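Chemist: kindly return the folded structure for what I paste below:
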Amino acid sequence: MGDRLNLKLSHRLVRGFSLPTRPPEMLEAIKTQSAFVQTPPEVMAVIVRDLALAARILQAANTLLTGHNRQVGSIESARVLLGQEKVREITHELFLEVDIARKASWMQTQRLRAVRAARLTAWLAREVTRLSPGIQSGHLPVVPHEEAYVLGLFHDCGKMVLLRHFADYPDLLTQERDVTRQPLEALEMAQYQTHHAVLGGLLAESWQLPRPLVHLIETHHQPDTFAGRPVSERPYLLLHAILFMTEWLEGDLTAWEWEQHRDHFQQLFGLDDDRLRHLQEQAVVEIGAADGQVPGPANNRSTLGGDDFKPRQRGQ
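Modeler: Numbering: from 1, shown residues only. From the prediction side, this is the model:
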């Protein structure tokens with residue numbers, strides 16, 4: 001088709017799109033919120049596992065609240081600001097109109113990967129805060145782990161838009177990019193005149209997420225995306241670096257792509273090779289604990305870990 005971004009097409013693809021869910025998740029959400037005595041941790045545990053519900057609650061907090069002039073980027077903050085009655089109302093409304101993802105489908109696989117990426121990104125944010133000399137000394141800001149979760153959850157939501165509109169998109173997702181050395185967004189641009197990061201940014205903008213978070217979702221594959229941005233956005237610069245590691249561990253970045261970002265990650269957080277290797281190994285354990293399985297071998301290997309470190313294969 002071409003390699004120039006077609007913004008008009010991108011807006012058309014996103015218009016009217018809603019993130020899909022699964023009936024068990026929605027029924028669990030309704031059941032939890034219909035209890036005589038609601039337990040906030042149980043309610044939150046259900047919300048954060050469902051992209052559609054999390055997005056709708058964030059959108060409501062950013063559009064329906066009067067007298068609150070700060071954009072909300074945390075699911076927990078959105079839940080508290082809306083109150084349990086409003087959250088219950090949103091859940092019931094969503095149940096009546098939401099799109100359903102088939103159990104065995106690419107869309108469902110993408111939903112599960114998004115939740116896993118969210119957990120991993122939030123975990124990395126906490127661990128990097130603990131390990132980084134720059135953060136511990138106050139030279140760097142603390143990484144907000146709640147917004148890290150939201151970033152991990154929605155950074156690839158544009159892929160769902162492409163899955164909805166283009167039947168051949170799974171073929172693109174399974175291409176061996178180690179051989180072609182072409183980033184996914186370049187392949188998407190050549191095929192569709194748009195790419196998943198732009199589409200995800202448009203979705204995030206429609207939910208009125210904080211502008212730096214929208215910018216990060218829209219440009220998360222660009223290494224210098226925060227060059228020249230305001231100092232107040234420094235926490236998002238750190239989130240950007242952490243997201244690169246999430247994508248590497250999840251198999252969304254190939255070995256040569258991670259090589260382009262690894263040195264920046266280490267220098268930014270002040271992590272030597274041993275600390276980075278330890279962080280990678282612990283992250284693999286964290287992924288296994290989150291979804292009940294240990295990641296299997298992959299085609300892309302860490303240059304630091306060699307055969308001792310094996311990130312996920314794409315599509316797992």
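Chemist: what separates residue 145 from residue 17, distance-wise?
Modeler: 28 Å (Cβ to Cβ, to the nearest Å). (Glycine included, C-beta is placed from N, CA and C.)
Chemist: now do residue 7
Modeler: Computed with Cβ to Cβ, the distance linking residue 7 and residue 17 is 16 Å.
Chemist: so for those two, which sits in the more crowded spot?
Modeler: Between residue 7 and residue 17, counting by other Cβ atoms under 10 Å, residue 17 is the more crowded of the two (19 against 12).
Chemist: separation between the closest residue to that one other than its chain neighbours and residue 151?
Modeler: Once flanking residues are discounted, residue 17 sits nearest to residue 161: 5.5 Å by Cβ to Cβ, 6 or more residues apart in numbering. Per Cβ to Cβ, residue 161 is found 18 Å from residue 151.
Chemist: likewise residue 108?
Modeler: Look at residue 108 and residue 151: by Cβ to Cβ, they are 21 Å apart.
Chemist: more neighbours, these two?
Modeler: residue 151 (28 against 16).
Chemist: any idea how far that one is from residue 235?
Modeler: Distance from residue 151 to residue 235, by Cβ to Cβ: 11 Å.
Chemist: gap between residue 268 and residue 80?
Modeler: Distance, residue 268 to residue 80, by Cβ to Cβ: 32 Å.
Chemist: so for the two, which sits in the more crowded spot?
Modeler: Per other Cβ under 10 Å, whichever of residue 268 and residue 80 has more neighbours is residue 268, with 18 against 15.
Chemist: the helix or strand bottoming out on mean pLDDT in the chain: which residues count as buried?
Modeler: Ranked by mean pLDDT, DSSP states H and E, the weakest helix or strand in the chain is helix 177-180, scoring a mean of 74. For helix 177-180, burial by neighbour count (16 or more other Cβ atoms under 10 Å) applies to residue 177.
Chemist: quick one: residue 52 and residue 21 touch, right?
Modeler: Yes - Residue 52 is in contact with residue 21 according to Cβ atoms under 8 Å; the separation is 4.2 Å.
Chemist: give me the common contacts of these two.
Modeler: Counting by Cβ atoms under 8 Å, 6 or more residues apart in numbering, the contacts common to residue 52 and residue 21 are 94, 98-99.
Chemist: filter those down to the buried ones.
Modeler: 94, 98.
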